[in-house]
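J.: Sequence below, structure please.
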Amino acid sequence: MKTRIAFASLALIGASSAWAQSSVTLYGIVDMNLGHFSAGSRSAAGSVTALIDGTTNGLNGSRWGIRTNEDLGGGLKAGVVMEAGVNADSGATAQGGLGFGRQIFLWLSSTTAGELRLGRQYAAHDVIMGYNNPFGNALVLNPGIGITNTGRALPQFIDAPRINNVIRYATPTFGGFTGALLFAPGEATADSYHSVMLQYAGGNLAAGASHEWNHDRVSSATTNKVTTLGANYDFKVVKLWGGYQRGKSLTTSAGNVGALSNLLVTGPVAFAARDLDVYTVAISAPVGNFLVGANYTQTEYQAASGQKLALGKAALGATYKLSSRTYLYTGISRATNDLKDYISQKQVVQLGVRHAF
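T.: Now for the predicted structure:
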């Protein structure tokens, strides 16, 4: 009997130790905002007031997810991230109905060798764009929101947040620098995706750069060559932000870097954009529980024939921290330049709330 009790005690101790080295976290966010969209006079659209999920102009898109983390010993860890998007305004599944459309990947990490991720993940340019916006690619200040140009989504910054079937390797951090390589094979149904990325964090400076491209699965041509830069510097009283992106040889073929579905530009003239150049500058300041920020983004679209049209957006936003989980936010934006009257979001005013658990 004593022997059986001893073995049972050892088994319980072993199970407790294993449990202490592993964790499973269930988490989520619900984000909703009320927005009024004033259309340009030549956009063929009317002004609209809508209650929408945070996926559009919110602080965060609504979601729920599971994270696991297992300590394998010797500096080696493993885990998964499974994150599903939800449109809180309607209850529908986001990201086109995908079960875990926001991201789903398996990871292995080593303190000396770096980290490997396999699955649906954030594109390199989306990571870098987080350096150029006071609210982290959010609110009406987000330069990555697609602008509706006569009924079609037109990018300012090219921003397809996620890529399928990605193999991602990231180095350990050396002197504040971290590098990463991303590759998605395309699997005969999409163009293959390639990217290199470098990030830096040290003192008051944070910065990053990425270069991405596709290999066309039919012609083997190199297309959708997108270079993205971003940086911010914290002066404590205020924080300055900036970013730049250049897209060359853009296409709408399956698996393209930006998941571009539209390159048709309609303004005083109409053409298909082959290239684009875009920059953004911003400033933010903490004021008690408020964070206030403003930015300006301008994009120039260029046709193969050399025709060019520009679209700008000036925006002002603020968040108010009710708690570590709950925020209120508001913002206003106004379009400028050649295309301002041809879009259905010439002016946007919003008010929202976000709660995390």
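J.: give me every residue that touches residue 348.
T.: When contacts are counted by CB atoms under 8 Å, 6 or more residues apart in numbering, residue 348 is found next to 35-38, 57, 140, 331-333. For glycine as for every other residue, the C-beta is placed from the backbone atoms N, C-alpha and C.
J.: let's see 10 Å
T.: Under the criterion of CB atoms under 10 Å, 6 or more residues apart in numbering, the contact list for residue 348 reads 35-38, 56-57, 139-140, 145, 313, 315, 331-335.
J.: Which secondary structure state does it sit in?
T.: For residue 348, the secondary-structure state derived from DSSP: H, G, I helix; E, B strand; the rest coil is strand.
J.: Same question for residue 126.
T.: When the structure is reduced to helix, strand and coil (three-state DSSP), residue 126 reads as helix.
J.: what about the residue nearest to it when sequence neighbours are not counted, neighbour count?
T.: Of all residues not flanking residue 126 in the chain, residue 161 sits nearest, at 4.7 Å (CB to CB, 6 or more residues apart in numbering). Other residues near residue 161 come to 20 when the count uses other CB atoms under 10 Å.
J.: For residue 161, give me its contacts.
T.: 55, 61, 95, 101-103, 121-123, 125-127, 129, 137, 144, 259 are the contacts of residue 161 under CB under 10 Å, 6+ apart.
J.: of all the contacts of residue 348, which comes closest to residue 251?
T.: Sorting the contacts of residue 348 by how near they are to residue 251, with CB to CB, puts residue 145 at the top with 21.4 Å.
J.: Distance of that closest one relative to residue 137?
T.: Shown here: residue 145 relative to residue 137, a distance of 9 Å by CB to CB, to the nearest Å.
J.: Counting neighbours, go ahead and name the busier of those two.
T.: For residue 145 against residue 137, the residue with the higher neighbour count under other CB under 10 Å is residue 145, and the figures read 24 against 20.
J.: wait, that one sits on residue 313?
T.: Yes. Counting by CB atoms under 10 Å, residue 145 does reach residue 313; the two are 8.9 Å apart.
J.: Mutual contacts of these two, please.
T.: 156, 297, 333, 345, 348.
J.: which stretch of helix or strand covers residue 297?
T.: strand 290-303 (DSSP states H and E).
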